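>>> Here is my input, please return the structure:
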Amino acid sequence: MVYRDYWALAQWYHHYTALVGAEHLVVVAHGTDPKIAQLCPKASILTVPRDDLSGFDGVRGRMLNGIQAGLAEVYDWVIRTDADELICLDPTKHDGLDSVFAQQKGQALFAAGLEVVQTDEGTFAVFSGHYSKAWAVRGGVAMKRHGVQVRPRQVAQFEYVLPEGVFLAHLKFANRDALAETNLHRAEVASGHGDGLPGKAWKNPGHEARKVQTQVMRMETVDWNTAARMAQAELTAGPTVDEKIGLVRSRSFKLDRKCALPDWFPVLD
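Have a look, this model is predicted:
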């Protein structure tokens, strides 16, 4: 679901058009906005009202799972990401999504997640368990809290699949000018009326951005392959599960090292 995050949406549309074709893209617009059709001219656009933001996260999650379930009726796999998230493939491991999905027996795929952060010293990646999200599902599996939700009795047998060479890049901090503009809208949403609105990170997004940039500049730099191996080691230790609600998600971690993006990483406009 997207609301005025125009720079990120432009990156999203360009990236996934190349990956799957624009005719297979569905954008969920939170409120009427003709600019979304301008940025994503060949995608299908579903517009949902934003008159009442009460219970924002819960309502959004249930609605997106419903849309996702509908798409699963006509697609073998459904890819679902936020507008500021790109699924990126290491070309030495995969020549496209077909090689990722081939011979997969699981119902959901996860990716090694990374924050892309623009700083005074350049743009860097920091691997994170928080963004090592479920990104593709089939068979009606629902997504929840960056993972998937299944029947509680199925949790113990649920297969956590993390294909090698598949990464989820989170672009929130990748463009400081775009972030400053988007933060105005985030603060507006978080300061609204109603229960269940986004939390403190949205109420004071400028503080969060400065904090992240400062932290990254202080980190030791390692090469991409070293950082990716460290992240893979953390994630392959196994997922975090909540048997009470049937939740399966990647374990939490955040590397205290940064790395430069590889040459094959998508060029951001």
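>>> tell me which element I87 falls in.
strand 85-89 (DSSP states H and E).
>>> what residues are up against the residue nearest to V141 when sequence neighbours are not counted?
With Cβ to Cβ, 6 or more residues apart in numbering as the measure, Q107 is the residue that lies nearest to V141, at 4.8 Å, once sequence neighbours are left out. The C-beta positions use only the backbone N, C-alpha and C, and glycine is treated the same way. In this structure, Q107 makes contact with 137-139, 141, 148, 150, 158-159, judged by Cβ atoms under 8 Å, 6 or more residues apart in numbering.
>>> re the thing from before, quick one: mean pLDDT over the strand holding I87.
Averaging the model's pLDDT scores along strand 85-89 yields 99.
>>> which residues sit against it?
Looking at what lies outside strand 85-89 - Cβ under 8 Å, 6+ apart - the contacts are 11-12, 15-16, 19, 79, 81, 96-97, 100, 111, 131, 133, 135, 165-171, 265-266.
>>> Tell me how far the residue most central in space within the chain lies from Y131.
Nearest to the mean C-alpha position of the chain, by Cα atoms, centre = their mean, lies E85 at 4.1 Å. Here E85 is placed at a distance of 8 Å from Y131 (Cβ to Cβ, to the nearest Å).
>>> Could you name every residue contacting both of these two?
Common contacts of E85 and Y131, defined by Cβ under 8 Å, 6+ apart, comprise 168, 170.
>>> show me where pLDDT drops low in this protein?
Counting by pLDDT under 70, the chain contains low-confidence residues at 185-205.
>>> how about the residue of it positioned farthest from its centre, secondary structure?
In the chain, counting by Cα atoms, centre = their mean, R153 sits farthest out from the average C-alpha position, at 27.3 Å. For R153, the reduced secondary structure class is helix; criterion used: DSSP: H, G, I helix; E, B strand; the rest coil.
>>> Surely V126 touches L255?
Yes. Contact criterion Cβ atoms under 8 Å: V126 and L255 qualify, at 6.1 Å.
>>> Compare neighbour counts for the two and give me the winner.
Set side by side, V126 and L255 give different neighbour counts by other Cβ atoms under 10 Å, the larger being at V126 (24 against 20).
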